[in-house]
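Participant: Here is a sequence together with a model predicted from it:
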Amino acid sequence: MVTRMSATLHRTLREDPADADVPSHRLLIRAGYVRRAAAGVYTWLPLGLRVLANVSRVVREEMDRIGGQEVLFSALVPREHYQATGRLAEYGDLLFSVRDRRGVDFVLGPTHEEMFSLLVAAEVSSYRELPLILYQVQHKYRDEARPRSGVLRGREFLMKDSYSFDLDDAGLASSYRAHRDAYRRICDRLGLEYRIVRAQSGAMGGSHSEEFLAPSPSGEDTFVWCPECDYAANTEAATIAPPATADPVRVDPAETLHTPGAPGIGDLVRYFDAHLGGGIGARDILKCVVFGVDGAPVVVLVPGDREVDTDRLAAALAPAKVTVFGPEDFAARPDLVRGYVGPQGMAGRGVPVYADQRVASGSAWVTGANRYEHHARGVVAGRDFDVDRVLDVVRPQPDEPCPTCGAALRVDRAIEVGHIFQLGRKYADVFGLDVLGPDGRPVRVTMGCYGIGVSRLVAAVAEQSHDERGLAWPEEVAPYHVHLVALGRAGQAAQAVALGERLEAAGLRVLVDDRIASPGVKLTDAELIGVPHIVVVGRRAAEGVVEVRDRRSGTARELPADKVLAAITRKQD
RNA sequence: CGGGAUGUGGCGCAGUUUGGUAGCGCGUCCGCUUUGGGAGCGGAAGGUCCUCGGUUCAAAUCCGGGCAUCCCGACCA
């Protein structure tokens, strides 16, 4: 049966909604796909649900193809399971909590590693049952501090999460590759432009992980990519090419300068310009940031035009706890002069010196003199101070050389649509996930976990597939293949429905606009809704001629009605 | 969690400065006309002005508390 607009809940808005900003959000609301129920919580209307179902279908087909078995857990998860893995504290306020009438605590699952691990621990006991891939398509709940951009970042969202269980590392690698390939096929089928980038494992633990990013200005992630080779990484995880080793230039012995009122990098550059003949920039200054590592001070050195990325530092020094060295910490260490710290002599004070790769041996710097209102010039790495450890803790910038081939990297924004991890045995250890091996002895299972945001994919595709008139869905995601627009009142509506039924019989999904409305309204709505093929049944309908338009290209041609099917399906192939 | 803004029929907004009958456009319903690019005329329905309290003869408007929503940042698979 064709969908007749006159009998369906399809309401488009003439004006942009006031609370929507990014294109996908604005258009999904305006074209009648979704409605906001609360901050970060959305209702899927019939039109939107079709798109969501299409994305889910593609995801399921590709998961089934790699041997995934679908299950469905409850969104309600007993709180104790999150206690066991320590993620209660990790997630904190992000968890939606629920208490039942008996006082038992639940959380609305923000992700389901725990439940999958428990299931497999309980049900699987032999190596013969592995490898195993389980997945579900389920709502996830995260009480984000700031939901935004509509379904792009909701507090409730639909996600496919899958988990692989293998006996050994080779098996895990193979399950990981299978998922990677499945995700590629999913993105390809959805018509999504995407990149696979190296990622940081973050709160999930585990080792190797990659993200599937859909480039878009509305995205919240930043990634670097190389236009010359295939290097790409989330800025959180990007490595940086080491600089050429500095020439062992003959630099005068370090010289201490009086620099009143210039504790910061910018202040210091201005002070040099005003009083010391200038000639230095931020990049010539050695930025010395003090952190507390398990409470003890550590100096981290980066060039003055760079920032230390605290997240990366924490990741590099884990499991040690990294804190910002605050005023009270400085008060307790009078030998560390806030604003005038330099690496010279730190070894003697028992303070480790960590440095970015750019602080190469032999490079000369302007830096703090460890004395109030004094800086030092000509301080040379390897001569005036030693670096205890080289760390990669600086966020990459545009034009950074590619670590693989040296070309200038580019930086872009993107939407994270998928993330795949080789988890290893983190959860298996917590839940004692063992199977009996061929020799009758228990083997600890190794896991992978793989997530793809189904509802977010809808928004990501919308972000990449729209123009000033509205949405323009790729075939596989579109709520319908064909949108028949009946114009005129000389039986066009009946003709359109009849033509629509023939197209449906041939396997196409068809929407017919048989509403009593002016041509302008119907044509504008068709473009707003964004079905790929728009067929106008209008003034030449009586002679059997209709107009077939392509939503994306805007091209149109008149055809006999009985040629429409061929014209549309040919284009699809 | 910091900063900014907003809250008035279904949607978009004006009205708040200077307190005094709640308005406009779109949408919706009825009738007639109209049908290839958001039609015309006539009629109609629909509002606790976010909420609670205060000031006042009188509050959408002034004052205070609260709530909600959006944007920037922090956070965040």
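Facilitator: Perfect, thanks for sending it.
Participant: Tell me the confidence at residue A:161?
Facilitator: The predicted local confidence for residue A:161 comes out at a pLDDT of 95.
Participant: my guess is it contacts residue A:109, does it?
Facilitator: No - taking contacts as CB atoms under 8 Å, residue A:161 lies outside contact range of residue A:109: 9.4 Å. C-beta coordinates here come from the backbone N, C-alpha and C atoms, glycine included.
Participant: Could you pull out the residues contacting both of these two?
Facilitator: Where contact means CB atoms under 8 Å, 6 or more residues apart in numbering, the residues bridging residue A:161 and residue A:109 through contact with each are A:138, A:140.
Participant: Show me the strands in the stretch 1-150 of chain A, by range?
Facilitator: Listed from the start of the chain, the stretch 1-150 of chain A has strands (DSSP state E, counting those that start in this stretch) covering A:3-4, A:34-38, A:41-44, A:69-70, A:76-78, A:96-99, A:105-108, A:132-141.
Participant: Tabulate those (JSON lines), appending distance to RNA strand B and mean pLDDT.
Facilitator: Written out in JSON lines, the entries for the strands of the stretch 1-150 of chain A read as follows (distance: least, CB to the nearest atom of the strand, whole Å; pLDDT from 0 to 100):
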{"stretch": "strand A:3-4", "distance to RNA strand B": "15", "mean pLDDT": "95"}
{"stretch": "strand A:34-38", "distance to RNA strand B": "4", "mean pLDDT": "91"}
{"stretch": "strand A:41-44", "distance to RNA strand B": "8", "mean pLDDT": "93"}
{"stretch": "strand A:69-70", "distance to RNA strand B": "17", "mean pLDDT": "97"}
{"stretch": "strand A:76-78", "distance to RNA strand B": "13", "mean pLDDT": "91"}
{"stretch": "strand A:96-99", "distance to RNA strand B": "13", "mean pLDDT": "89"}
{"stretch": "strand A:105-108", "distance to RNA strand B": "14", "mean pLDDT": "91"}
{"stretch": "strand A:132-141", "distance to RNA strand B": "9", "mean pLDDT": "96"}
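Participant: so residue A:439 sits in a strand?
Facilitator: No - according to DSSP: H, G, I helix; E, B strand; the rest coil, the state of residue A:439 is coil, so it is not within a strand.
Participant: Just the buried residues of the worst-scoring helix or strand of chain A on mean pLDDT, please?
Facilitator: For chain A, the helix or strand with the lowest mean confidence is helix A:310-317, at a mean of 73 (criterion: mean pLDDT, DSSP states H and E). For helix A:310-317, burial by neighbour count (16 or more other CB atoms under 10 Å) applies to A:312, A:313, A:314, A:315, A:317.
Participant: What of stretch A:386-393?
Facilitator: Under 16+ other CB under 10 Å, the buried positions of stretch A:386-393 are A:387, A:388, A:391, A:392, A:393.
Participant: Now that stretch - C-alpha only, PDB.
Facilitator: Written as PDB, here are the backbone C-alpha positions of stretch A:386-393 (Å, rounded to 0.1, in the frame of the first residue of the first chain):
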ATOM      1  CA  ASP A 386      67.800  17.100  31.000                       C
ATOM      2  CA  VAL A 387      64.600  15.600  29.900                       C
ATOM      3  CA  ASP A 388      63.500  12.600  31.900                       C
ATOM      4  CA  ARG A 389      60.800  11.400  29.600                       C
ATOM      5  CA  VAL A 390      59.500  12.400  26.200                       C
ATOM      6  CA  LEU A 391      55.700  12.600  26.000                       C
ATOM      7  CA  ASP A 392      53.200  13.200  23.300                       C
ATOM      8  CA  VAL A 393      50.800  15.600  25.000                       C
END
